[in-house]
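Fold the following and give me the result.
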Amino acid sequence: MPVSGVLGRLLEYWHDLPRENGATIPTRTVLHPVELHELLPRISLMKRLDRYDVRVSMIGTSADALWQAPMAGFNAFDLTSPAMRENTARLYEAILDQPSGVQMTETVRRRDGDSKEVESLYLPLAARDGTPTYIIGCTVDLQKPKYGGINDRLMLDHQQVSSIEFIDLGRGKPTLLFEKPKPRPRPEPDAKWWGRFMPNKPRPSDNSWLDS
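Residues are numbered from 1 along each chain as shown. Next comes the predicted model:
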C-alpha cells in the first residue's frame with residue numbers, strides 16, 4: 001500500500017536526513033522535531049533498551065503538564081496484551097535489525113466502546129555509535145487523516161492488526177512470521193493506566209499547535 005499524506009511526509013523527511021559514512025539509517029541526533037511542523041502532535045519516539053523494554057516518549061507536545069501522568073519513559077510493553085507480547089517484540093526487531101520501515105493498519109477500541117481504524121508508520125534511527133536503537137512513529141486516524149482530537153492520542157497494543165507491510169529501506173524486507181494470538185474476551189479498560197492518556201486540562205482551542 002502506498003505511503004501518502006501525513007505518513008508520506010514523515011517517510012520523505014526520514015529519507016532526506018543526512019547519513020554518515022554511507023550508513024543505511026540516520027542517527028537520532030540529526031532529527032530536529034521543529035522541522036516536522038504539523039506532524040509533531042502525532043510523533044512518538046521509542047528507544048530499545050532490551051527485547052521487552054522499549055521506552056516511549058511523545059515529542060510532539062510541550063507538556064507533561066497536559067496529561068495526568070508523564071508521557072515520557074514508560075515501557076511500551078506495559079500496554080501490550082500478553083497474547084501480542086512476542087509478536088510486538090518481533091515487530092520492533094524487524095524495524096531495527098533488518099532495518100525496515102513498517103506501515104500498519106489496525107483497529108483501536110476506545111473507552112466508550114467505539115472503535116476506529118488508524119494507520120501508523122514506524123522507521124528506524126541509530127544511536128550516536130550507529131547502533132539501531134530508536135524508532136520514530138506516526139499514527140493517523142483514517143476517518144480524520146489530517147487532524148484528530150487530543151483525546152485520540154492513544155498508544156496501540158497491536159491486538160487487531162488488519163494489514164501490515166514492510167518498507168525496504170535499502171536492506172530488503174524481513175521474512176517474519178507472527179504467532180496467531182488466541183481469541184480473548186473483549187478487555188475492559190483499566191482506569192488505573194487509561195488515565196495516563198486522558199487530558200488533565202481542557203482541550204486546547206482550535207488552531208492551536210497542540211490541536212492534533
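
List the buried residues for the top strand by length along the chain?
Ranked by number of residues, the top strand in the chain under DSSP state E is strand 115-126. For strand 115-126, burial by neighbour count (16 or more other Cβ atoms under 10 Å) applies to 116, 118-126. The C-beta positions use only the backbone N, C-alpha and C, and glycine is treated the same way.

And these, which is closest to Arg51?
For the buried residues of strand 115-126, the closest approach to Arg51 (Cβ to Cβ) belongs to Pro124, at 15.7 Å.

Looking at Leu154 now. What's its pLDDT?
Note for Leu154: predicted pLDDT of 42.

go on, Gly195?
Gly195 carries a pLDDT value of 53.

I'd like the distance between the closest residue to Thr139 other than its chain neighbours and Ile95.
Excluding the flanking residues, the one nearest Thr139 by Cβ to Cβ, 6 or more residues apart in numbering is Ser120, at 4.3 Å. Counting by Cβ to Cβ, to the nearest Å, the gap from Ser120 to Ile95 is 11 Å.

what sits in contact with each of the two?
Val102 (Cβ atoms under 8 Å, 6 or more residues apart in numbering).

what's the average pLDDT for stretch 103-120?
76.

do stretch 37-44 as well
So the average pLDDT for stretch 37-44 ends up being 78.

Endpoints of it, how far apart?
This stretch, stretch 37-44, spans 14 Å end to end (Cα to Cα, to the nearest Å).

and the nearest residue to Ala76 once chain neighbours are set aside, which of the three is it?
Nearest residue to Ala76, sequence neighbours excluded (Cβ to Cβ, 6+ apart): Val54, at 4.5 Å. Classification of Val54 by DSSP: H, G, I helix; E, B strand; the rest coil places it in strand.

Settle this for me: Thr80 is touching Glu86, isn't it.
No - using Cβ atoms under 8 Å, Thr80 makes no contact with Glu86, being 9.7 Å away.

Compare the two and say which is more crowded by neighbours.
Applying other Cβ atoms under 10 Å to Thr80 and Glu86 shows that Thr80 carries more neighbours, namely 21 against 15.

Tell me the confidence at the more buried one?
Thr80 is assigned 83 on the pLDDT scale.

separation between it and Pro99?
21 Å.

Can you show me the helices along this structure?
5-16, 85-97, 191-194 (DSSP state H).

Could I get the buried residue list for stretch 41-50?
Across stretch 41-50, burial judged by 16+ other Cβ under 10 Å covers 41-48.

which ones among these are found in strands?
Using DSSP E, those in strands are 43-48.

Noted, bye for now.
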